[in-house]
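Student: kindly return the folded structure for what I paste below:
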Amino acid sequence: MSNALAPATVTQALALLIEHNLHPEIDMAVSVETRKPPTDPPTDPTITVFLYQVSHNPSMRNSDLVTRASDGTLLKRPAAAIDLHFLISGYGEEQELVGQRLIGSVVRTLHEIPVLPRELIEEAAERPYLAGSDLAESLQHVRFTPTQMDVDETSKLWGMLNNTPYSLSVAYQASLVLLDGHQKPAPARPVRRPEVTVVPEVPPEVPLEVSPEAPSERGGRGASGVVDSGSADSGAADSGAAGEVVKKTAKKAAGGRPATRKSPAGQGSSSGGRSGGRPRARTRKATGGDAADADRAPDTHRTAGARRTDDGAES
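Tutor: Numbering: from 1, shown residues only. Next up, the predicted model:
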């Protein structure tokens, strides 16, 4: 946190950072100035540090909490998070490539020391016009990051500088700078009665839900304990069918077939093992018979509700 002198303090500290790290590559006297690029380019070795834009930091823009209570009492000092955008240009004798040598030294310095040192901030605050700056006491460090600008953006930037010829330069962004409000909130009251309450944690009970229609394994009872008659009848039918299958399988394994009965007159035989081994009922034809038909004693069996007559006289 710092006061309103923070942007100017960062600009002056950046100029000191560049000036203190020119050697040993640059063996000449270089003037580092905190101003915009001049309209008349100087021939002496010169570096200009120009703060051309101040923007709100997007990541910290909405992180400021409520600063006042419902009655208007100040609870917290408001803070504005800003980013500083710098344009650093180099000037000198073109035949000796002085400007290019100066820009190379600037890039090397800011890449090697990207965070603004505290001692340089304190040295910059010693200037008479920066008296009262408290940027050195801020817990937030200022970091320099290079800004990538294409030809169009560079042309627009230099177009803002009226009647200023283009010179070789680099752009950097300094973040994060926090500006505090000038009002200080009243100190909070101390705790009078410290009370600590310990409450044991009880796990929540989850009720077990069982479908009432699902029968249990014993007796066909559901979750309510009531016997399902439909399920009991279906179980009995299934057990009877299973018994018939077991009997037929046993007879086939013994190698025999169900016994057949012959008619008294020897007119043929019918299988007694049809329809689960049930004997067929005997019937006589009501009309159209004679004595021979009576002696033949036709044997009629009922199979699954259908009638069959062994009388060959009439069909």
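Student: residue ranges in this protein under the pLDDT threshold?
Tutor: 1, 64-66, 210-315 (pLDDT under 70).
Student: one more time with 90, if that's ok
Tutor: 1-3, 23-25, 27, 58-80, 138-140, 162-163, 176, 179-315 (pLDDT under 90).
Student: show me where it has its strands.
Tutor: 31-33, 46-56, 79-91, 143-146, 169-180, 260-262, 269-271, 301-303, 306-308 (DSSP state E).
Student: partner strands of the first one, with direction?
Tutor: Translated: strand 31-33. Sheet pairing of strand 31-33 (DSSP bridges) gives strand 46-56 (parallel).
Student: which residues sit against stretch 36-51?
Tutor: 7, 11, 14-15, 18, 26, 28-35, 52, 84-93, 98, 102, 106, 161, 163-165, 167, 169 (CB atoms under 8 Å, 6 or more residues apart in numbering). Heads up, the C-betas are built off the backbone N, CA and C, glycines and all.
Student: that older thread, which of the strands of the chain sits closest to residue 152?
Tutor: With CB to CB as the criterion, residue 152 lies closest to strand 169-180 of those, at 13.7 Å.
Student: which of the residues in that closest one are buried?
Tutor: Neighbour counts over strand 169-180 (16 or more other CB atoms under 10 Å) mark 169, 170, 171, 172, 174, 175, 176, 177, 178, 179, 180 as buried.
Student: over to stretch 184-202?
Tutor: Buried, per 16+ other CB under 10 Å, within stretch 184-202: nothing.
Student: now stretch 26-39 - C-alpha only, CSV.
Tutor: Extracted C-alpha coordinates of stretch 26-39, given in CSV (Å, rounded to 0.1, in the frame of the first residue of the first chain):
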residue,chain,number,x,y,z
ILE,A,26,28.6,1.4,-21.8
ASP,A,27,31.9,3.3,-21.1
MET,A,28,30.5,6.8,-21.7
ALA,A,29,28.5,9.3,-19.8
VAL,A,30,24.8,8.7,-20.3
SER,A,31,22.0,11.0,-19.3
VAL,A,32,18.8,9.1,-18.1
GLU,A,33,15.9,11.5,-18.1
THR,A,34,12.3,11.0,-17.0
ARG,A,35,10.4,12.7,-19.8
LYS,A,36,8.8,12.0,-23.1
PRO,A,37,10.9,11.6,-26.2
PRO,A,38,12.1,15.0,-27.4
THR,A,39,11.0,16.5,-30.7
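Student: in it, which residues are buried?
Tutor: Buried residues in stretch 26-39 (16+ other CB under 10 Å): 26, 30, 32, 34, 36, 37, 38.
Student: would you confirm that the first one contacts residue 104?
Tutor: No - under the criterion of CB atoms under 8 Å, residue 26 is not in contact with residue 104, lying 9.2 Å apart.
Student: returning to that earlier point: looking at the buried residues of stretch 26-39, which is nearest residue 3?
Tutor: residue 34 (19.1 Å).
Student: and the closest one, its phi and psi?
Tutor: Backbone torsions of residue 34, given as degrees, to the nearest 10, read phi -100, psi 80.
Student: quick check: it vs residue 98, distance?
Tutor: The gap separating residue 34 from residue 98 is 20 Å, by CB to CB, to the nearest Å.
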